[in-house]
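Chemist: Provided below for reference: sequence and predicted model.
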Amino acid sequence: EPKHEAESAAPEAQPAGAAGADGEPATEAEAEPEPEPEAAPRPKWEYTPTPQDYAAVFLDRESQERLRKRFPPLFPNEHYDHMTIMFEPSADQVLDHDDLFTEENTIHVVGYVQDEHAQTLLVEIENPHVQSHNRYAHITLSTAGGNGEAYAAKYSNTLLHRVAAIPEAKRVFYQVKGKDFPLVWHGVLPEAGTFAQSSACFENVQDERITVTGVYCVASAWDGEKRACSYVRENECAFCKFMKAGPCRKTFQAWEKCVASAKDEGSGDSFIDTCAAQTLQLKECIDAHPDYYTVLNQDDDDDDD
């Protein structure tokens, strides 16, 4: 049967700008749709500080096992996990370091310390740009207390300070084999605040040349099971990476922030004047480290030839 007029086929679409059925120009609804705008570039990663978060070099599994074998756990709460860099860092502190996240770092074991409540390692890290905010960088091995208890993982930092407060013990910290001082100290730690008196010992193990490796990351982006950092940084210019990898990292970052701030405020080319002091400091730093930054002057040298 012939279909009802209401069910009849719709008229063919009119080309953009063509007249409609009543002779008038086609409406916007009848015109071809405009192409969708390109997606906005992905913004830089932003860090929101959260309680108990921290930045650290997290050990790989092989390093964890190496430490377990050499320094077996003495207490029920085992760690062998990381070397803390910053505890509860600010957004600026994290964003100043985020180009270093996911990179592998080498850590050297300096000494071993234990008392009746914990055991930990005094360590040093090779990367000059990834240095612990703790006075004594360390890796916690095992503790008598769990989270929230007096002798939890954070006690490792206190333990090193308690030992360092005894001059005879601190002398052992960074001694080199063959010097006049011994490489082992045994003694008693006096009561300190809420911490009871405790027998302790420190052994300098630098001559064993124990090294471990790990990845720098924030705990909130660290996958402990996969031992991987899930942080993904927006691609950064090769020049910026080069500058930050050298001895003028902090000076370059100060200059970079000044330029970005000036442009955000609509200053345009006036950042040359606004950031004159930072530019001068950066130039002085580069000139002071020609061994690393000599490549910046190669083009000028080539022009002179």
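Modeler: Thanks, I have the structure now.

Chemist: can you pull out the strands in this structure?
Modeler: 54-59, 77-78, 82-87, 104-114, 118-125, 138-143, 184-189, 198-204, 211-218, 222-223, 228-229 (DSSP state E).

Chemist: and the closest residue in space to residue 127 that isn't next to it in sequence, what are its bridge partners?
Modeler: By the measure of CB to CB, 6 or more residues apart in numbering, the closest residue to residue 127 outside its immediate chain neighbours is residue 105, 5.1 Å from it. All C-beta spots, glycine's among them, are computed from the backbone N, C-alpha and C. Residue 105 has these beta-bridge partners by DSSP bridges: residue 214.

Chemist: Relative to residue 242, how far out is residue 105?
Modeler: Residue 105 sits 19 Å away from residue 242, going by CB to CB, to the nearest Å.

Chemist: Which one's more surrounded, those two?
Modeler: residue 105 (20 against 14; other CB atoms under 10 Å).

Chemist: In contact with that one, which residues?
Modeler: 57, 125-127, 130, 213-216 (CB atoms under 8 Å, 6 or more residues apart in numbering).

Chemist: With residue 217 as the reference, measure out to it.
Modeler: Relative to residue 217, residue 105 is positioned 11 Å away (CB to CB).

Chemist: Out of the strands of the chain, flag the one nearest residue 289.
Modeler: strand 118-125 (20.8 Å; CB to CB).

Chemist: Show me what that closest one is packed against.
Modeler: Applying 3 or more CB pairs under 8 Å, 6 or more residues apart in numbering; DSSP states H and E, one finds that strand 118-125 makes contact with strand 104-114, strand 138-143, helix 155-164.

Chemist: got the angle for the first one vs strand 118-125?
Modeler: Which is strand 104-114. Orientation check (axes from the mean of the first three to the mean of the last three CA atoms, to 10 degrees): strand 104-114 against strand 118-125 gives 140 degrees.

Chemist: Turn the strands of the chain into TSV, columns for distance to residue 271 and mean pLDDT.
Modeler: Output for those, formatted as TSV (distance: least, CB to CB, whole Å; pLDDT from 0 to 100):
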stretch	distance to residue 271	mean pLDDT
strand 54-59	30	97
strand 77-78	52	97
strand 82-87	30	97
strand 104-114	34	97
strand 118-125	35	97
strand 138-143	42	98
strand 184-189	55	96
strand 198-204	51	97
strand 211-218	31	96
strand 222-223	37	95
strand 228-229	33	92
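
Chemist: May I see these arranged in JSON lines, with distance to residue 282 as well?
Modeler: Below are those laid out as JSON lines (distance: least, CB to CB, whole Å):
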{"stretch": "strand 54-59", "distance to residue 282": "26"}
{"stretch": "strand 77-78", "distance to residue 282": "46"}
{"stretch": "strand 82-87", "distance to residue 282": "25"}
{"stretch": "strand 104-114", "distance to residue 282": "26"}
{"stretch": "strand 118-125", "distance to residue 282": "26"}
{"stretch": "strand 138-143", "distance to residue 282": "34"}
{"stretch": "strand 184-189", "distance to residue 282": "45"}
{"stretch": "strand 198-204", "distance to residue 282": "40"}
{"stretch": "strand 211-218", "distance to residue 282": "25"}
{"stretch": "strand 222-223", "distance to residue 282": "33"}
{"stretch": "strand 228-229", "distance to residue 282": "30"}
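
Chemist: List the buried residues in stretch 152-167.
Modeler: Residues of stretch 152-167 classed as buried: 152-160, 162-164, 166 (neighbour count, 16 or more other CB atoms under 10 Å).

Chemist: quick one, what contacts the residue lying closest to residue 172 once chain neighbours are set aside?
Modeler: Leaving aside its chain neighbours, residue 172 sits nearest to residue 185 (4.7 Å; criterion: CB to CB, 6+ apart). Residue 185 is in contact with 163, 166, 168-169, 171-172, 201-203, counting by CB under 8 Å, 6+ apart.

Chemist: closest to residue 262 among the residues you listed?
Modeler: residue 163 (48.9 Å).

Chemist: Give the residue spans of the stretch 1-150 of the chain that score low on pLDDT.
Modeler: 1-45 (pLDDT under 70).

Chemist: Show me the helices in it, by range?
Modeler: For the stretch 1-150 of the chain, the helices defined by DSSP state H, counting those that start in this stretch cover 61-70, 91-97.

Chemist: buried stuff in the shortest one?
Modeler: In this case it means helix 91-97. Neighbour-count burial for helix 91-97, counted by 16+ other CB under 10 Å, picks out 93-97.

Chemist: Please apply the same query to stretch 82-91.
Modeler: For stretch 82-91, by 16+ other CB under 10 Å, it's 82-87, 89.
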